[in-house]
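Asker: dropping the sequence and predicted coords here.
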Amino acid sequence: MHNSKIPSSVLKSVQKPGRYIGGEYNSVIKDKNKVKCRFAFAFPDTYEIGMSNLGVRILYDTINAHKNIWCERVYAPWTDMQEKMRQYEIPLTAQESGDPLSAFDMVAFSLQYELCYTTALAMIKMAGFPLLSKDRGEDTPIIVGGGPCVYNPEPIADFFDLINIGEGEEVLLEICDLYIKMKEEGSYSRAAFLREASHIEGVYIPSLYDVTYNDDGTIKEYKPLYEDVPTKIRKRIVADMDKAPYPEKLVMPYIETVHDRIVLEVYRGCIRGCRFCQAGMVYRPIREKSPETLCKQAKCLFDNTGYDEISLISLSISDYSELPKLTDDLLSWTDEAHVSLSLPSLRIDSFSEELMQKVSSVRTGGITFAPEAGTQRLRDVINKNVTEEDLMRSVGIAFRGGKSNIKLYFMNGLPTETLDDIKGIAELATKVVGEYFKLPKPERPKGIGVTISVSCFVPKPFTPFQWEKQDSYELLMEKQAYLRDCITDRRVRYTYHEAKVSFIEAVLARGDRRLAPAILYAVENGAIFDAWDEYFDYDRWISAFEACGIDPAFYTTRGFGLDEILPWDIIDIGVTKAFLRRERDKAYKGETTPSCAEKCSGCGANKLGGKNRWCK
Amino acid sequence: MVQVDANSKIALRIKFKKTGKLQYISHLDLVRTMHKIIIRAKLPIWYTEGFNPKPKMVFAAPLSIGTESFSEFMDVRLTERIDTAEAMRALNANMTDEMQVTEAYYPETKFTEMRWLSYTMLIKTDNADKSLAEACDNVLNSEKIEVLKNTKSGEALVDIKPLIRSASAVLDGENIRISAVLSSDPSTFLNPEYVIKALREKVGIISNPDCTKEGYSIIRENSFFEDMSAFK
Ligand code: SF4
């Protein structure tokens, strides 16, 4: 009766065995003899994290709606389980059928952060497949990569047979349909399929390109091997979010996961244009769902899951043009049903007393704001259009509403940053404390505390800062130390991100195909779960670069020339390089750009189509 | 003055099974899972008053990870009396096959009146034969059965015999089958794992370090009052 092929004595000997058993309510079971394509959706992190991912939840449902395809889930076993799997030769299996990955036609990885690359490759290894695409035979499933990381697919190009650029709802089905068709016609071979798939918009087949380099190490040319293979791969989008598939039910985990609640995606894209933010560029154009669609989806999900919390998500929820209507419509039944609403991403300039009352996560949780930079000058450079007044007004409301703990997010190492900007972070925090003391004593909530949390800037592909250099590790350490010295108020707590992690993240985000041997080296030497502090091993990465003759500085502190061919130039995200360049120039002049709601800036994403309010 | 909701006294009791893979779900996770099930089943749930209203669910005798059960009990407070057959149907439609309600009724007893639980344990061990089964049976029926047990004051040698109402061991094919009735009283609750532990220490069952070769399964079969009539 167990789907799980893991012996019970093994399950009894590992932490949280509930991660490995499958059998969750709402999981989809099909007859494997009746489907024509078995599709494994792999998430290169733990069950608890993977189960919380909205993209996977959407695609699991979308693919399973197709009667000829059975989509199952696969997660990375935790290290204690990996040890048992090695000891007892247990292969990596899918949650639903308990079958090993070799039983599948396709294995697709959702790549959400660069630091999961090694985990994905370790999973391919656990499945018993060759790591390099070129070594795979006809028996190996097609290994697919997708998700936000693959907008620069080059560092992992050698490991994936097929890469899905952009939103997967439609294109994954097209890929499966092609596979089924070629199998039925008898025209299928790995090579023939990949060649044919390269004609589908949003599909990138890395093995069909030859890359050459200049003497100085920069890229000379991307050349398709055949004439019918596209020279540039345009990302796919879902045109109409009201018609886009959205799950009516969710697989219900037995064990607690990271986001164990209903997640309602309100819109895609972002009207802001923060110049460091990759998501803000790659998800353009903005496509909203109507409040009617959202309410219908929320009610349906509530009925089918029993969750008592609904989280409204998008890149900047308060920019949703019908937020008041949406929250009112939801509140008309959620209160009575004992369902609470939460909003994870609030902008400083939109924080209001009303929101605090309506939204329970704001009512009960901590309050976090992200000014990102310590001075108005630098905030203008990064186009974070919030002012000190906005922040003071918002924290004032929060304090009056009984909040005493405020968390502020900042970034170190932004382009043009000076010591004054860093000092500005400490000063801003002190002013927030001052705002608390402006309240008459009886109105002050108890125990004021302001936490500043500082991460390190990583110049991401497809942002106006894509050409920028990353600060060296030494410089970032100096900046972190300087900021610590600037903080004099004992009510201000300071936490910062490990600069070494950001450095490796930058290499993996900005690299090209020549990184593959180093990633391979890291995996062969045990790298996995790099996103987990306890498993991240900087020295292993440095030895990997050394062993493979790679200078990581080439991708980080060097910066990229404005005329250089960038590793990700093969991809077309809609937003043009010319727009990014214009934004970069404005950044250096300290000029801001209005949001799409105020004025279209002609970023180029409108050419992708899509039903939306703002694009001209 | 706080108004006492007269209806809040209505508790619906369900008896359910938790079998197969669900033996790996902890008690805490079971509580969270059940919470969602009763919402999906649209039972008229009574919520606690106050800042953070929650349904009121009470479970009898905890089950440890690795034990299957055909005899779990939960009381949930409702705002009104509903048809029990209908409640059972609604709950079962919202559960997987491995967790199903077998009875639903309005109880007249308290969980504290439950005194005994019966278990079946199947032991797969390399040296299983008739004489080993007899040796096990002898241990289970000796005057004293001392095992190292975690107590409030640390590990101590404890005699578990008084917590065992009856126990026997027989050879069942290639396995040794133990049937035991153990205390379910909260203050003297005996986890069946201790019975296995005693046999391990005293008769030397399950000694192969390869945990895929040997092992055991435990099933909770039934719940009883002091006089061994079925708990309801
Ligand atoms: S085309 Fe204009 S409105 Fe549309 S995303 Fe680009 S800048 Fe914004």
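Answerer: Ah, there it is. Everything quoted here is computed from the prediction, not taken from an experiment.
Asker: per-residue confidence at the residue lying closest to residue A:559 once chain neighbours are set aside?
Answerer: In this structure, residue A:559 finds its nearest non-sequential neighbour in residue A:469, 3.3 Å apart by CB to CB, 6 or more residues apart in numbering or on different chains. Every residue, glycine included, has its C-beta placed from N, CA and C. Looking at residue A:469, its pLDDT stands at 96.
Asker: now do residue A:3
Answerer: At residue A:3, pLDDT is 45.
Asker: distance of residue A:92 from residue A:76?
Answerer: 9 Å (CB to CB, to the nearest Å).
Asker: check residue A:430 too.
Answerer: Relative to residue A:76, residue A:430 is positioned 43 Å away (CB to CB).
Asker: between these two, who's got more neighbours?
Answerer: Under the criterion of other CB atoms under 10 Å in any protein chain shown, the comparison of residue A:430 against residue A:76 puts residue A:76 first, with 25 against 17.
Asker: related to what we said a few turns ago, just the element for the residue nearest to residue A:559, please.
Answerer: Using DSSP states H and E, residue A:469 maps to neither a helix nor a strand.
Asker: count of residues packed around residue B:152?
Answerer: 5.
Asker: and if you look at residue A:215?
Answerer: Residues lying near residue A:215 (other CB under 10 Å) number 6.
Asker: doesn't it lie inside a helix?
Answerer: No: counting by DSSP: H, G, I helix; E, B strand; the rest coil, residue A:215 falls outside a helix, being coil.
Asker: give me the domain ranges for chain B.
Answerer: Domain segmentation of chain B under automatic domain parsing yields B:10-108, B:113-224.
Asker: and the last one, how far out from the chain's middle?
Answerer: This means domain B:113-224. How far domain B:113-224 lies from its chain's middle: 15 Å, per CA atoms, centre = their mean, to the nearest Å.
Asker: helix/strand/coil for the residue positioned nearest the centre of chain B?
Answerer: The centroid of chain B falls nearest to residue B:63 when counting by CA atoms, centre = their mean (4.3 Å). Following three-state DSSP, the label given to residue B:63 is coil.
Asker: which strand residues bridge the spatially closest residue to it that is not a sequence neighbour?
Answerer: Take residue B:63 and drop its neighbours on the chain: the residue closest to it by CB to CB, 6+ apart is residue B:69, 5.4 Å away. Here residue B:69 sits in beta bridges with residue B:18, residue B:220, going by DSSP bridges.
Asker: helices or strands up against the one helix or strand residue A:145 maps to?
Answerer: Assigned by DSSP H and E, residue A:145 belongs to strand A:142-146. Identification of packing neighbours for strand A:142-146 by 3 or more CB pairs under 8 Å, 6 or more residues apart in numbering or on different chains; DSSP states H and E yields strand A:106-110, strand A:162-164, helix A:168-185, helix A:190-197.
Asker: would you reformat the domains of chain B as TSV and include mean pLDDT?
Answerer: Supplementary listing: these in TSV, determined by pLDDT from 0 to 100:
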stretch	mean pLDDT
domain B:10-108	95
domain B:113-224	90
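Asker: in JSON lines, list these along with distance to the ligand.
Answerer: Output for the domains of chain B, formatted as JSON lines (distance: least, CB to the nearest ligand atom, whole Å):
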{"stretch": "domain B:10-108", "distance to the ligand": "39"}
{"stretch": "domain B:113-224", "distance to the ligand": "56"}
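Asker: mind putting the ones you listed in a markdown table, distance to residue A:160 included?
Answerer: Formatted as a markdown table, the domains of chain B follow (distance: least, CB to CB, whole Å):
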| stretch | distance to residue A:160 |
| --- | --- |
| domain B:10-108 | 32 |
| domain B:113-224 | 34 |
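Asker: get me the contact residues on chain B for chain A.
Answerer: Applying CB under 8 Å from any CB of the partner chain, one finds that chain B approaches chain A through B:19-22, B:24-26, B:29, B:32-33, B:35-40, B:47, B:53, B:65-66, B:94-96, B:98, B:210-212, B:214-215, B:217.
Asker: out of the residues you listed, which end up buried?
Answerer: Neighbour counting by 16 or more other CB atoms under 10 Å in any protein chain shown classes B:19-22, B:24-26, B:29, B:32-33, B:35-40, B:66, B:94-96, B:98, B:211-212, B:214-215, B:217 among the residues of chain B next to chain A as buried.
Asker: of those, which belong to strands?
Answerer: For these, the ones inside strands are B:215, B:217, with DSSP state E as the criterion.
Asker: neighbouring contacts of the longest helix seen in chain B?
Answerer: As assigned by DSSP state H, the longest helix anywhere in chain B is helix B:27-40. Here helix B:27-40 makes contact (CB atoms under 8 Å, 6 or more residues apart in numbering or on different chains) with A:18, A:252, A:254-256, A:260, A:303-308, B:18, B:25, B:45, B:55, B:57, B:59, B:62-64, B:74, B:76, B:91, B:94-95, B:99.
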